[in-house]
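Enquirer: below: sequence and its predicted model.
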Amino acid sequence: MSRRGGHAFALLLAPVAVFAWSCLVPPDPSPADDGDLESLTVAPPRDSVFRPDEDQQERRAPELAVGGRLPGAFPEDFPLPDGSTVFDFGDVPQEGEAGAPPAAEFVSLRLPLGAPAAREWLLREAQAAGWRAALGDIMTFRRGDGWVRAAIEPGRTAGSSAARFEYPLGPEAAGRW
């Protein structure tokens with residue numbers, strides 16, 4: 001190796017040696033300056049201790065017996081099986097009076113009972129709630145001036161049925177039917 005080549009090799013090796021030395025030798029730590037920060041005593045955070053009486057509790061609405069919203073004129077005290085679901089509602093047109101305002105409306109529900117079981121359940125529970133029943137293909141329940149007509153048909157799946165309930169819109173319409 002020539003002298004010139006040795007100088008070039010030394011020039012290349014010097015930065016590598018400096019870099020290796022800086023990685024191996026830790027720098028001298030600077031002396032700690034204790035007078036920079038003040039110490040302050042604080043209370044423990046509020047959530048550091050579990051207190052069940054202060055814990056927020058979830059408040060759920062009561063479970064509804066009927067899925068969906070019943071129309072406002074539906075008698076509040078008329079029994080419906082738990083798990084029933086509203087799928088249609090509307091006005092019942094008056095017969096023979098074109099353009100007259102409806103005196104009754106209907107609501108259609110899917111019931112979680114087969115048609116025979118739903119008829120038996122409805123008859124038993126309505127009578128227990130004070131409704132008198134007239135049986136037929138369409139059951140009519142009466143109590144005071146109020147009435148409800150119920151037609152129950154088998155549902156699309158076993159153990160279910162579809163029911164259509166008709167009822168007056170208000171007390172003044174109750175006597176018309």
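Expert: Everything's here; your move.
Enquirer: for Val148, grab the count of nearby residues.
Expert: Val148 has 20 neighbours, counted by other CB atoms under 10 Å. (Each C-beta comes from the backbone N, C-alpha and C, glycine too.)
Enquirer: what pairs with it across the strands?
Expert: Using DSSP bridges, the beta-bridge partners of Val148 come out as Phe141.
Enquirer: gap between it and Pro168?
Expert: Note on Val148: its distance to Pro168, by CB to CB, to the nearest Å, is 9 Å.
Enquirer: in what helix or strand does Arg119 lie?
Expert: In this assignment (DSSP states H and E), Arg119 forms part of helix 115-128.
Enquirer: touching that helix from outside, list them.
Expert: 78-79, 81, 111, 113, 133, 135, 139, 141, 148, 150, 152-155, 161, 163 (CB atoms under 8 Å, 6 or more residues apart in numbering).
Enquirer: at 6 Å instead, please
Expert: The contact list for helix 115-128 (CB atoms under 6 Å, 6 or more residues apart in numbering) reads Pro79, Pro81, Leu111, Leu113, Ala133, Phe141, Ile152, Pro154, Ser161.
Enquirer: next helix or strand past it?
Expert: That would be, after helix 115-128 and using DSSP H and E, strand 132-134.
Enquirer: now the helices for the protein?
Expert: Listed in chain order, the helices of the chain (DSSP state H) span 3-24, 115-128, 171-174.
Enquirer: dump the second one to CSV, keeping only the CA atoms.
Expert: Same thing as helix 115-128. Output in CSV follows, covering the C-alpha atoms of helix 115-128 (Å, rounded to 0.1, in the frame of the first residue of the first chain):
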residue,chain,number,x,y,z
ALA,A,115,-104.4,-17.8,16.2
PRO,A,116,-106.3,-20.2,18.5
ALA,A,117,-104.0,-19.4,21.5
ALA,A,118,-104.2,-15.6,20.8
ARG,A,119,-108.1,-15.8,20.7
GLU,A,120,-108.1,-17.7,24.0
TRP,A,121,-105.6,-15.3,25.6
LEU,A,122,-107.4,-12.2,24.4
LEU,A,123,-110.8,-13.5,25.6
ARG,A,124,-109.5,-14.5,29.0
GLU,A,125,-107.4,-11.3,29.6
ALA,A,126,-110.1,-8.9,28.3
GLN,A,127,-112.8,-10.4,30.5
ALA,A,128,-110.4,-10.2,33.5
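Enquirer: sounds good, over and out.
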